[in-house]
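# Here is a sequence together with a model predicted from it:
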Amino acid sequence: MKHLFINGKIFTSDTKHPYADAMVVQDGKILWTGERDAMPAAWKEEIASVTNLEGRRVIPGFVDAHMHPVMLADFRKKITIMPPEINSIEELVSAIQKKRSQQPAGAWIQGWGYDEQGFSEKRSPNRYDLDRGCSDSPVSITRTCAHIRCVNSMALKMAGIDRNTPDPPGGEIERDENGEPTGVLKENARNLVLPLMPQETAEEHVENLLELGQVLISQGITSICDMGNLDTGDNIPLYEAAAQKGFYPRVGVYYMWDFFADDPDFDIPQSRMDRNRQIFAAGLKLIGDGSISGRTAWMSRPYYGSDEEYGISVCSDELLESAIDFCKKNHCQLSIHAMGGRAISRMIDRVCRESAWTCENIPYTRIEHVTDPSADSIRKAAEHGISFLSQPIFPYAESKSYVKNLGEAWLKECYPYKDMLDAGVSLGFSTDAPATYWSDPTDPFPGLKFAVTRTCADGTDGGQAQAVEIETAIRLYTIGAAQAAGFPDTGMLAAGYRADFVVLSDDILHVPSEDIDKVKVVQTYIGGTCVYQR
């Protein structure tokens, strides 16, 4: 049956035909978009139903091409260390004390999302702060970037970490002036306590995903990429179970290669890599460096205030080569986290030596975050079909850390969206939730606002010269993200594409740019069916 949608201000994300007021949908796919008066006469007699969009702005469903949904779904049950709930280390200590009062001694207390520049004390918490919150139970809190973990003294003791413990490869156990661990575990060192921490059951993961799924569709997010766990868990069965219970978004799942490289039996069945499935395996994920806000991204010049601090390279040559070999053999996508200019150059220079190993229209390599790329890296990415996935919410929400670590001038040079697009790079937007210092980490609208205004949440200038128009920003969060991640038939309201679209409360193309983040989703459609109504 054909379904007609009329009276909409439809922005299609199709540069050839960007605007329409009607569209015809059949079997979950779009057959036609355009002006209603121009609809083929034969189709007017075959319409089974008509939906009036009441003059509202309609855009394609958002594609969040880089997030960690299973992690985020579970984190939502833990202490959220972000404004407006927590604004200081003292408030964090109180939150830990409250959590301890609700559970027995010895049970883990966990939290997520802190940024030291967001605390009134302007410093990172340490083991002694967490000890004041609780000393008879292990405590672990994860920084917003998810690359740094802070634990209390009991957790250090349980993990056997003391002044004599060596730093693991690609990681750092932070120490005080006396050589004692402060409780701050950076990059690969953060994994030292993981074997001791409680794991959610499969049933709990599924229920948490169902709750998160409702949040995603309420924000107009219809397709997502799961960029891997910090363990050997397989998320695909969790999503499949959740989908049977009403989880709607499509999901491309990546496996964190650090946890599978040494397993000779690890494999991704070809049937799982069918990208027409709702849940499919997309490829592997590597971590090349850290974060800007944590001063661990591997930069091409030293951090502000230092002559020799460049960050951390956390991926060995052996791990990189084995990932490339696996992806070539299995014709799957390789995703590489690289924020700093030096990490970006290293990874792009290496994969540029390869011919594309994926099917047509799927970039064989995607680079994540791409904060401070050189002009040479941008050029090579465009020439070799390497896609970039960026998170505009990072500078928007973490400007205090960026200014502290890079300085105001360097901040303005980061995330050169116009330069990337002018060079022809396949670019898409995402959030990296929960590694996002924002109380509602999956909300796409603050990221759109930053891309258009290049003004951070606190008013800091984020580099006006790299601002893009709102139409471009929407494309980067829809068709751009879909193409960069290799989602087929997704991200555009045009014939042959999936009928995934969003009805908005306000005309986002014409509201003042400073009000973009005030726009809400009124309805979300997946496959032409309304799955969310505000």
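In hand now; what should we look at? Residues are numbered from 1 along each chain as shown.
# how long is stretch 442-457 from one end to the other?
16 Å (CA to CA, to the nearest Å).
# from the chain's centre, how far out does that stretch sit?
Chain-centre distance of stretch 442-457: 14 Å, with CA atoms, centre = their mean, to the nearest Å.
# And for stretch 314-322?
With CA atoms, centre = their mean, you get 23 Å for stretch 314-322.
# How about stretch 383-390?
16 Å.
# Alpha carbons only: can I get that stretch in PDB?
Extracted in PDB, the C-alpha atoms of stretch 383-390 (Å, rounded to 0.1, in the frame of the first residue of the first chain):
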ATOM      1  CA  GLU A 383      41.800  11.400  -2.300                       C
ATOM      2  CA  HIS A 384      41.500   7.900  -0.800                       C
ATOM      3  CA  GLY A 385      37.900   7.900   0.300                       C
ATOM      4  CA  ILE A 386      38.600   7.800   4.000                       C
ATOM      5  CA  SER A 387      35.600   9.200   6.000                       C
ATOM      6  CA  PHE A 388      35.700  11.500   9.000                       C
ATOM      7  CA  LEU A 389      33.300  11.300  11.900                       C
ATOM      8  CA  SER A 390      33.200  14.400  14.200                       C
END
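# Mind listing what's buried along stretch 217-233?
Buried residues in stretch 217-233, counted by 16 or more other CB atoms under 10 Å: 217-230, 233. In this view, the C-beta of every residue, glycine as well, is placed from N, C-alpha and C.
# Also stretch 47-64?
So for stretch 47-64, counting by 16+ other CB under 10 Å, buried means 51, 53, 56, 57, 58, 59, 60, 61, 62, 63, 64.
# how much space between the fourth one and residue 82?
Counting by CB to CB, to the nearest Å, the gap between residue 57 and residue 82 amounts to 30 Å.
# where's the residue nearest to the spatial centre of the chain relative to residue 397, distance?
In the chain, the centroid-proximal residue (CA atoms, centre = their mean) is residue 432; its distance is 2.0 Å. According to CB to CB, residue 432 stands 11 Å off from residue 397.
# So for those two, which residues contact both of them?
Overlap of the contact sets of residue 432 and residue 397 (by CB atoms under 8 Å, 6 or more residues apart in numbering) is empty.
# mean confidence score for stretch 428-446?
Average pLDDT, stretch 428-446: 92.
# and what of stretch 474-487?
Mean predicted confidence for stretch 474-487 is 98.
# Straight-line length of it, end to end?
End-to-end distance for stretch 474-487: 16 Å, by CA to CA.
# Residue 176 and residue 126, how far apart?
Residue 176 sits 8 Å away from residue 126, going by CB to CB.
# The two - which one has more neighbours?
Neighbours were counted for residue 176 and for residue 126 using other CB atoms under 10 Å; residue 126 has more, 19 against 13.
# ok, now which ones touch that one?
Residue 126 is in contact with 150, 182, 183, 184, counting by CB under 8 Å, 6+ apart.
# Kindly report the same for residue 242.
Contacts of residue 242 by CB under 8 Å, 6+ apart are 206, 209, 210, 213.
# Wasn't residue 10 part of a strand?
Yes: assessed with DSSP: H, G, I helix; E, B strand; the rest coil, residue 10 lies in a strand.
# which residues does it form a beta bridge with?
Listed beta-bridge partners, residue 10: residue 20, residue 58 (assigned using DSSP bridges).
# What is the neighbour count of it?
25.
# the bottom helix or strand of this structure by mean pLDDT?
Least confident helix or strand of the chain, by mean pLDDT, DSSP states H and E, is helix 41-44 with a mean of 74.
# Now do that helix: distance to the chain's middle.
Computed by CA atoms, centre = their mean, the chain-centroid distance of helix 41-44 equals 42 Å.
# Have a look at the protein and report its longest strand.
strand 279-287 (DSSP state E).
# need the next SSE after that one, C-terminal direction.
Going down the chain from strand 279-287, the next helix or strand is helix 317-330, by DSSP states H and E.
# State the mean pLDDT of that next one.
What helix 317-330 shows for mean pLDDT is 98.
# Pull out the buried residues from it.
Going by 16+ other CB under 10 Å, helix 317-330 has these buried residues: 319, 320, 322, 323, 324, 326, 327, 328, 330.
# cool, stretch 133-141 as well?
For stretch 133-141, the neighbour count (16+ other CB under 10 Å) marks 133, 134, 137, 138, 139, 140, 141 as buried.
# can you map out the strands along the stretch 401-534 of the chain?
For the stretch 401-534 of the chain, strands defined by DSSP state E, counting those that start in this stretch occupy the ranges 427-429, 501-504, 521-526, 529-533.
# These: which one's closest to residue 106?
Nearest to residue 106, of all these, is strand 529-533, at 41.3 Å by CB to CB.
# Just the residues contacting the closest one, thanks.
By CB under 8 Å, 6+ apart, the list of residues contacting strand 529-533 from outside reads 28, 214, 217, 218, 248, 521, 522, 523, 524, 525.
# Type out the ChimeraX command that picks the buried ones from those.
Selecting only the buried entries of the contacts of strand 529-533 in ChimeraX, with 16+ other CB under 10 Å as the criterion:
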select :217,218,248,521,522,523,524,525
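# I'd like the contacts of strand 529-533 as TSV, with distance to residue 89 appended.
Shown next, in TSV, are these (distance: CB to CB, whole Å):
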residue	distance to residue 89
28	50
214	33
217	36
218	33
248	39
521	36
522	40
523	42
524	39
525	45
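# What separation is there between residue 213 and residue 438?
Per CB to CB, residue 213 is found 19 Å from residue 438.
# Same question for residue 10.
29 Å.
# for residue 100, same thing?
27 Å.
# Looking at these two, which one has more neighbours?
Of the pair residue 100 and residue 438, residue 438 is the one with more neighbours under other CB under 10 Å, namely 22 against 18.
# For residue 107, which residues are in contact?
Residue 107 makes contacts with residue 137, as judged by CB under 8 Å, 6+ apart.
# again, only using 10 Å
By CB atoms under 10 Å, 6 or more residues apart in numbering, the residues touching residue 107 are 99, 100, 134, 136, 137, 138, 198.
# The second one belongs to a helix?
In this case it means residue 100. Yes: counting by three-state DSSP, residue 100 is part of a helix.
# so what's it closest to, chain neighbours aside?
Spatial nearest neighbour of residue 100, excluding adjacent residues (CB to CB, 6 or more residues apart in numbering): residue 134 at 4.4 Å.
# cool, and the last one?
Across the structure, with CB to CB, 6+ apart as the measure, the residue nearest residue 198 apart from its sequence neighbours is residue 108 (5.5 Å).
# what phi and what psi does the backbone show at the one you found?
Note on residue 108: its backbone torsions stand at phi -60, psi 140 [degrees, to the nearest 10].
# I'd guessed it sits against residue 155; true?
Yes: with contact defined as CB atoms under 10 Å, residue 108 reaches residue 155; the gap is 8.2 Å.
# between the two, who's got more neighbours?
Between residue 108 and residue 155, counted using other CB under 10 Å, the more crowded position is residue 155 (25 against 18).
# doesn't that one fall inside a helix?
Yes: Residue 155: assigned to a helix according to three-state DSSP.
# Now for the residue lying closest to it once chain neighbours are set aside: which residues touch it?
Spatially, and ignoring its direct neighbours in sequence, residue 155 is nearest to residue 138 (3.9 Å; CB to CB, 6+ apart). Residue 138 makes contacts with 106-110, 130, 151-159, 193, 196-198, as judged by CB under 10 Å, 6+ apart.
# Just the buried ones from these?
For the contacts of residue 138, buried by 16+ other CB under 10 Å: 108-110, 130, 151-156, 159, 193, 197.
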